[in-house]
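Asks: Give the three-dimensional model of this entry:
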Amino acid sequence: MTAPTTKASAEPKVYSHSEILGVMTGLLAALFTAMISTTIVATALPTIMAALNGTQRQYTWVITASLLTMTISTPIWGKLSDLFNKKFLTQLAIVLFVAGSVLAGCAHEVWLLMPARAIQGIAMGGLIATAQSVMGSIISPRDRGRYSGYMGAVMAVATVSGPLLGGLITDHFGWRWTFFVCVPLAVIALVLIQTKLHLEHTPRRHVKIDYLGSVLLAIAAALPMLWVTFAGTSYDWISLESLAFGIAFLIAAGLTVVVELRVPEPMLPLRVLHNRATILMILGSIAVGVAMFGPGVFLTQYFQLGDGFSPTKAGVMTIPMIVAQMLSATICGQIVSRTGRIKRVMVLGGATMLVGLGGLGFIDHQTSYLQVAIFMAIAGVGIGTLMQNIVLVVQNTVDVTEVGAASAAIAFFRSLGGAIGVSVLGAVLTTLVANNVTDGLRSVGINPGQMSGGGDTKLDISALPGPIQEIVHHAYSDAFGPVFMISAGTAVVTFICVVLLKEINLRTTIAKEDPHDDAPEPAADTLDPAAATSAATAAAEMIDAPRSAGHTESPVHLDGKGETVPSRR
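Replies: Predicted structure coming up:
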């Protein structure tokens with residue numbers, strides 16, 4: 001019989017502040033590499049798509065390709081981080097990101113850029129999942145807000161510097177270098193992780209990979225995005241094709257739930273996501289995904305295609321939102337760590353995100369930059385406040401052995417919301433821009449059929465006459481307001497979820513304590529010392545008596561009155 005594992009042996013190692021900082025140095029270096037590469041490319045993407053002769057719909061799909069693979073891969077990476085070595089998985093994710101970046105930089109057609117972006121998305125899912133898993137393995141939920149603030153600050157620095165650096169690289173060195181620039185940064189991150197990231201890992205003898213669940217999860221996540229992408233152009237929104245997509249999604253989602261509830265090692269741990277707080281955070285994270293990815297994707301387009309600014313200037317103009325996100329993530333992380341209470345902070349974040357996105361919903365080609373900057377900053381405060389704290393609430397409900405899968409599950413739903421949201425918003429934007437261009441051309445006496453792009457607008461407008469370019473710019477500027485208003489509608493869901501969340505106290509231990517451990521134990525000083533000594537002596541004599549008499553040792557047990565008596569054979 002295997003000896004039972006004692007509580008003491010199951011306790012994870014307690015890391016000091018200096019040890020945690022050493023681990024996070026390598027971890028944040030990896031995240032910084034991926035984040036800055038992503039933000040650099042985001043600024044350059046309108047220029048990239050124009051150079052590759054891409055369309056507005058292809059622009060959305062280049063972004064969606066990375067979001068889709070990140071969404072699908074995040075829970076898989078998270079589960080693997082609970083089963084295998086977290087350090088190796090982090091390094092593997094960095095190598096994959098470099099490979100995808102090099103392929104993207106060498107692409108000469110849009111159809112080659114998409115799979116490269118998909119590889120980058122897989123790697124991003126790995127970095128997000130392993131980073132959350134490592135933090136959950138070495139830091140208690142109460143202290144995690146403090147270090148999450150550090151992570152939020154580093155990510156925000158990458159986000160702030162990325163757009164400006166992306167614009168400078170695009171304008172002076174060419175867009176391909178926006179992909180290649182991450183290679184030396186990745187090498188530095190790999191070295192830091194090798195030297196700084198030291199985690200205890202106990203290999204598991206029997207590991208079962210949920211291959212079927214992974215496939216079903218991928219299908220269930222991909223079907224809504226495929227439907228949104230082609231609806232309205234290849235077929236009507238209300239059509240037999242749309243019905244077929246809906247039925248296929250319901251079947252795939254149903255099978256995923258059945259499989260994930262039955263297998264011993266599910267990729268998406270539905271069993272640990274059963275309490276009210278987690279369900280509310282899942283719903284809230286889906287809406288946060290739309291609010292987080294939507295503005296990040298479309299604000300750069302608004303400034304470049306709507307106002308005609310260069311990539312460098314467009315990158316600079318997004319800084320108010322990013323700085324607000326950085327400050328709110330850092331400050332709120334400190335507040336949560338000091339107080340141990342999280343609901344008030346999250347309600348404030350939900351309200352500010354709703355107000356900021358609602359304000360952006362009224363922009364058009366006549367809106368001043370000051371007004372746009374104010375609402376960008378307000379939205380940034382809300383997003384920065386909610387992004388890490390939603391994960392923290394869920395991590396507080398699970399044990400350290402499940403923290404990787406649980407964290408990845410929240411990241412999965414957030415990314416799923418963002419991916420589907422970007423697809424929907426991109427489809428809406430494509431339709432609105434096409435209608436606005438048509439109306440604008442007719443207003444100046446030009447037949448729109450002469451410039452038709454099959455319902456899709458070309459992003460390279462540099463060869464068009466000045467008056468036509470102005471019509472296109474106004475068409476884009478006027479189309480972004482409804483897009484942000486839809487994002488504000490999803491922010492309402494997030495606000496309701498955080499309001500319904502009950503106030504919780506973040507635990508100060510890494511492992512989740514057994515409820516039975518909270519039962520009070522009898523205090524030692526309430527026992528009579530003489531009685532305790534007498535009881536101990538009597539018990540010792542009873543145990544040694546059979547041995548001194550030369551008898552075979554007989555097991556003993558407690559009777560119903562608590563007395564020690566020999567067991568009967």
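Asks: tell me the domain ranges of the chain?
Replies: Per automatic domain parsing, the structural domains of the chain span 13-199+211-508, 530-566.
Asks: Okay, helices next: where are they in the stretch 401-550 of the chain?
Replies: Remark: helices assigned in the stretch 401-550 of the chain by DSSP state H, counting those that start in this stretch are 403-443, 466-500, 529-548.
Asks: report the angle between the axes of the helix or strand residue 300 falls within and helix 403-443?
Replies: Element membership of residue 300, judged by DSSP states H and E, is helix 276-301. On the basis of axes from the mean of the first three to the mean of the last three Cα atoms, to 10 degrees, helix 276-301 is oriented at 40 degrees to helix 403-443.
Asks: Next secondary structure after helix 276-301?
Replies: Following helix 276-301 in sequence, per DSSP H and E, is helix 311-317.
Asks: ok, then the element right after that next one?
Replies: Criterion used, DSSP H and E; the element after helix 311-317 is helix 319-339.
Asks: Summarise which helices and strands that following helix is packed against.
Replies: The contact analysis (3 or more Cβ pairs under 8 Å, 6 or more residues apart in numbering; DSSP states H and E) places helix 319-339 against helix 141-172, helix 343-360, helix 369-395. For the C-beta atoms, the positions are set from N, CA and C on the backbone; glycine is no exception.
Asks: looking at those, which is closest to residue 236?
Replies: With Cβ to Cβ as the measure, helix 343-360 is the member of these nearest residue 236 (29.0 Å).
Asks: Report the angle between the closest one and helix 466-500.
Replies: 160 degrees.
Asks: Extract the CA atoms of stretch 41-59 and return them as CSV.
Replies: Extracted in CSV, the C-alpha atoms of stretch 41-59 (Å, rounded to 0.1, in the frame of the first residue of the first chain):
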residue,chain,number,x,y,z
VAL,A,41,3.0,45.0,-35.8
ALA,A,42,-0.4,46.4,-34.9
THR,A,43,0.7,49.9,-35.8
ALA,A,44,2.3,48.7,-39.1
LEU,A,45,-0.6,46.5,-40.1
PRO,A,46,-2.5,49.0,-42.3
THR,A,47,0.8,49.7,-44.2
ILE,A,48,1.5,45.9,-44.4
MET,A,49,-1.9,45.1,-45.9
ALA,A,50,-1.7,48.0,-48.3
ALA,A,51,1.8,46.7,-49.5
LEU,A,52,0.4,43.2,-49.9
ASN,A,53,-2.7,44.5,-51.7
GLY,A,54,-5.0,43.3,-49.0
THR,A,55,-8.6,44.2,-48.3
GLN,A,56,-10.5,45.3,-45.2
ARG,A,57,-11.8,41.8,-44.7
GLN,A,58,-8.4,40.3,-45.0
TYR,A,59,-7.1,42.9,-42.5
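Asks: Now it: buried residues?
Replies: 41-52, 54-59 (16 or more other Cβ atoms under 10 Å).
Asks: one step back: which of the helices of the stretch 401-550 of the chain sits most buried?
Replies: Highest mean neighbour count of these: helix 403-443, a mean of 23 (counted as mean count of other Cβ atoms under 10 Å).
Asks: Distance from the chain centre to that helix, please.
Replies: Offset of helix 403-443 from its chain centre (Cα atoms, centre = their mean, to the nearest Å): 16 Å.
Asks: which SS class is residue 174?
Replies: coil (DSSP: H, G, I helix; E, B strand; the rest coil).
Asks: likewise the one 5 residues further on?
Replies: For residue 179, the secondary structure call by three-state DSSP comes out as helix.
Asks: Pull up the gap between the closest residue to it other than its chain neighbours and residue 124, please.
Replies: On the basis of Cβ to Cβ, 6 or more residues apart in numbering, the spatially nearest residue to residue 179 that is not a chain neighbour turns out to be residue 105, at 3.4 Å. According to Cβ to Cβ, to the nearest Å, residue 105 stands 17 Å off from residue 124.
Asks: Correct me if wrong: residue 418 contacts residue 225.
Replies: No: look at residue 418 against residue 225 with Cβ atoms under 8 Å: they stay out of range, at 10.8 Å.
Asks: can you confirm residue 268 is in a strand?
Replies: No: under three-state DSSP, residue 268 sits outside any strand and is assigned coil.
Asks: Next, give phi and psi for it.
Replies: phi -110, psi 100 (degrees, to the nearest 10).
Asks: likewise residue 341?
Replies: Dihedral angles (degrees, to the nearest 10) for residue 341: phi -120, psi 140.
Asks: count of neighbours near it?
Replies: 13 (other Cβ atoms under 10 Å).
Asks: any idea of the pLDDT on the closest residue to it other than its chain neighbours?
Replies: Excluding its sequence neighbours, the residue lying closest to residue 341 (Cβ to Cβ, 6+ apart) is residue 503, at 6.2 Å. pLDDT, residue 503: 80.
Asks: Compute the number of surrounding residues for residue 503.
Replies: 8.
Asks: quick one, what contacts it?
Replies: 341, 342, 343 (Cβ atoms under 8 Å, 6 or more residues apart in numbering).
Asks: pLDDT added to the residues you listed, as a markdown table?
Replies: Putting these into a markdown table (pLDDT from 0 to 100) gives the following:
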| residue | pLDDT |
| --- | --- |
| 341 | 77 |
| 342 | 83 |
| 343 | 86 |
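Asks: thinking again about what came up before, who's more crowded, residue 105 and residue 124?
Replies: Per other Cβ under 10 Å, whichever of residue 105 and residue 124 has more neighbours is residue 124, with 28 against 20.
Asks: is it true that the residue nearest to residue 179 lies in a helix?
Replies: Yes: according to three-state DSSP, residue 105 belongs to a helix.
Asks: could you measure it against residue 120, distance?
Replies: Counting by Cβ to Cβ - residue 105 and residue 120 are separated by 11 Å.
Asks: Equivalent analysis for residue 499, please.
Replies: 36 Å.
Asks: first to last residue in stretch 231-238, what's the distance?
Replies: 9 Å (Cα to Cα, to the nearest Å).
Asks: which stretches of the stretch 301-450 of the chain have low pLDDT?
Replies: Flagging of the stretch 301-450 of the chain using pLDDT under 70 yields the residue ranges 398-405, 408, 447-450.
Asks: With mean neighbour count and distance to residue 132 added, can I get the helices and strands packed on helix 319-339 in CSV?
Replies: As requested, the helices and strands packed on helix 319-339 are exported to CSV (neighbours: other Cβ atoms under 10 Å; distance: least, Cβ to Cβ, whole Å):
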stretch, mean neighbour count, distance to residue 132
helix 141-172, 22, 9
helix 343-360, 22, 18
helix 369-395, 24, 6
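Asks: could you redo these as CSV and give each row distance to residue 92?
Replies: Listed next are the helices and strands packed on helix 319-339 as CSV, based on distance: least, Cβ to Cβ, whole Å:
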stretch, distance to residue 92
helix 141-172, 20
helix 343-360, 33
helix 369-395, 22
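Asks: of those helices, which approaches residue 72 most closely?
Replies: helix 369-395 (18.5 Å).
Asks: In terms of secondary structure, what does the closest one contact?
Replies: Helix 369-395 packs on helix 110-138, helix 141-172, helix 276-301, helix 319-339, helix 343-360, helix 403-443, helix 466-500, going by 3+ Cβ pairs under 8 Å, 6+ apart.
Asks: what about 10 Å?
Replies: helix 110-138, helix 141-172, helix 276-301, helix 311-317, helix 319-339, helix 343-360, helix 403-443, helix 466-500 (3 or more Cβ pairs under 10 Å, 6 or more residues apart in numbering; DSSP states H and E).
Asks: and residue 198, which of those is closest to it?
Replies: helix 110-138 (10.3 Å).
Asks: Spatially nearest residue to residue 100 (excluding sequence neighbours)?
Replies: Residue 100 sits nearest to residue 119 (Cβ to Cβ, 6+ apart), 3.2 Å away.
Asks: residues contacting that neighbour?
Replies: 65, 66, 69, 96, 97, 98, 99, 100, 101, 102, 103, 104 (Cβ atoms under 10 Å, 6 or more residues apart in numbering).
Asks: ok, so of these, who is nearest residue 363?
Replies: residue 66 (26.2 Å).
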